[in-house]
Structures are given as C-alpha cells and as structure tokens.
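Colleague: Okay, predicted coordinates and the sequence, questions at the end:
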Amino acid sequence: MKAMIFAAGLGKRLGEVTKSIPKALVEVSGKTVLHLAVEKCASYDFDDIIINVHHFADLVENEVYRLRKMGFRISISDERDLLLETGGGLYKAKKFFDDSPFLLYNVDILTDLDLADLYRYHIKTGSLATLAVRNREDFRYFLTDRSGLLKGWCNKSTGEKIITGNTEDSLSEIAFSGIHIADPEIFRYMEPGIYSMTTLYLKISESARISVYVHNGGYWFDIGNPESLEIARKYLKKI
C-alpha cells in the first residue's frame, strides 16, 4: 500500500537543533525520525512510500538512499524550489498514488497507533478521509459531531473558530495526531498551490465525509519542539 511521509518542513520550533540538520534527521533511540516513520509505515504494509523534501533536501535524500539500501521502497517528491505545505505537497505527488486509500504521516510524530485499525475504520465508514485524533492538551482543535464527522476547527489562543456545516449536535474538541488515511478521490477536490491538509479538510467537510478516529491509548509524541523531543527520548528509552 502507498504512503506519503511529510518531511519537507523547516522545523523552526526546534530552534538550534534544525540549524544544521532537517527535522527528519533528528535522532531518537539511535535512529532518525525519518527512519522510525518509514519503519512504522512499512510494518503495517504501507511499504511503498514517497517523501517530500525541501529544508536540507540533500541531507534528507542521503538518508533516503541509506534506507533504500536497507530494503525500503522510497520515492522522493522534490520541493526544493518552493515549500508547498502538506496539501500542496500531496497534490504535487498525486501521480505516485493508485486507486487505493493511502496513508499520510507527519515525520515528527512518534506513536504506537495501530495503523491497520485506522485503515479498517476508514474502509468501514466509507469516508473520503479519516483523521487520527486524540484527547490531549493543545490550542488548536478539530470540532466533531456525535457521529465522529468533522464539522469545524478552533484556535484557543486566538479565539478563531470555523464551523463548516449545519448540525444540531454540540461539537466536541479533539486534537489532530498528524496521521490520516485518504481516498484517491480526494484529488478531485484539490489543486496546485500552497495550503495545508487541514485547510482542505475544513473546506470540503460540508459536502464530503471526513471522519475522525480516536486513539487515546498508548503513546503519542510530536517532537516538533525541544521539550517534547526530550520527553519522547526519555519515554522511548524506557520501553
């Protein structure tokens, strides 16, 4: 099955860490987070992977070559000239995908989430996309109805709120985990440009079925800042 790992980001929140290397090459438990993400995807049979590159692209490509020698099947989507964010990055890579649902995975996420169960849930609901979500502290949240459909988004720090469809339900706040399954049909809703997948999902959720999959057990880390990186390193060292 196909997967895309988003690895082109600048990693600004990591400060000094990403002044000399890209976020994808930060090491946890003796491996780069890109290596860990590739292993994670491949272990659930998402073993045909494309990775987008921009920041320190040559270094990321060197890591890809090393991983290929280990037997992983990896393609590269080159965004050296222009960073496209997740939505634009996916659209640029659309020719890589076939007629089956595919996995989208942020390189800075470390988790024991069962990707097979996420995929089964996606197939069961017949959704255009299924977003892994978690009850955790954040300042940005998806808003969902009682049936687990995306109906909006809010930013607690700015007070911004977007409601994308009519519903009689009171909406629940839940945080995105940076992992999602999408049907290739989603490309019908996309176009070239610089935009995030969150922006796309909110735009199309009034007319398309965008579901959430809640995973509150196990561990989940976003290693996008120095504090969370160290917490993840300490936690994973113990298991």
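Modeller: Looks like it arrived, so ask away. The structure presented is a predicted model; accordingly, all values stated were derived computationally and were not measured. Residues are numbered from 1 along each chain as shown.

Colleague: contacts, neighbours, all on C-alpha from now
Modeller: OK.

Colleague: need the longest strand for this protein.
Modeller: What stands out as the longest strand in the chain, according to DSSP state E, is strand 172-182.

Colleague: Contacts for it, please.
Modeller: With contacts defined as Cα atoms under 8 Å, 6 or more residues apart in numbering, strand 172-182 is touched by 101-106, 109, 118-119, 122, 128-138, 140-146, 220.

Colleague: Which of the residues you listed fall in strands?
Modeller: Reading strands off the contacts of strand 172-182 with DSSP E, I get 102-106, 109, 129-134, 140-144, 220.

Colleague: List buried members of the contacts of strand 172-182 by neighbour count.
Modeller: Those of these that meet the buried threshold are 101-106, 109, 118-119, 122, 128-134, 140-145, 220, by 16 or more other Cα atoms under 10 Å.

Colleague: Which residue ranges of this protein form helices?
Modeller: Counting by DSSP state H, the chain has helices at residues 33-43, 57-69, 85-92, 115-125, 197-204, 226-238.

Colleague: of these, which approaches Trp153 most closely?
Modeller: Proximity to Trp153 (Cα to Cα) singles out helix 197-204 among the helices of the chain, at 7.6 Å.

Colleague: can you tell me the average pLDDT over the closest one?
Modeller: In this model, helix 197-204 has a mean pLDDT of 97.

Colleague: May I see the buried residues of that helix?
Modeller: Within helix 197-204, the residues scored as buried using 16+ other Cα under 10 Å are 197, 200-202, 204.

Colleague: before we move on, what about stretch 46-60?
Modeller: Quick answer for stretch 46-60 (16+ other Cα under 10 Å): 46-57, 59-60.

Colleague: Return, as residue ranges, the portions of this protein with sub-threshold pLDDT.
Modeller: Scanning the chain for pLDDT under 70 picks out 168.

Colleague: change it to 50
Modeller: Under the criterion of pLDDT under 50, none of the chain is flagged as low confidence.

Colleague: Can you pull the phi and psi angles for Phe46?
Modeller: Dihedral pair for Phe46: phi -90, psi 70, per degrees, to the nearest 10.

Colleague: Surely it and Ala3 touch.
Modeller: Yes - with contact defined as Cα atoms under 8 Å, Phe46 reaches Ala3; the gap is 5.7 Å.

Colleague: Identify the contacts common to the two.
Modeller: By Cα under 8 Å, 6+ apart, the residues touching both Phe46 and Ala3 are 102-103.

Colleague: contacting residues for Asp145?
Modeller: Contacts of Asp145 (Cα under 8 Å, 6+ apart): 151, 167, 169-172.

Colleague: whoops, I mixed them up, Ala132
Modeller: Counting by Cα under 8 Å, 6+ apart, Ala132 has contacts 118, 176-180, 212-215.

Colleague: And for Arg68?
Modeller: Ile74.

Colleague: quick one: it and Gly217, what's the gap?
Modeller: Computed as Cα to Cα, to the nearest Å, the Arg68 to Gly217 distance reads 32 Å.

Colleague: ok, back up a step: what two of the contacts of Asp145 are the furthest from one another?
Modeller: For those, the farthest-apart pair by Cα to Cα is Thr167 and Ser172; their separation is 12.1 Å.

Colleague: between those two, who's got more neighbours?
Modeller: Between Thr167 and Ser172, Ser172 has the larger neighbour count (other Cα atoms under 10 Å), namely 16 against 12.
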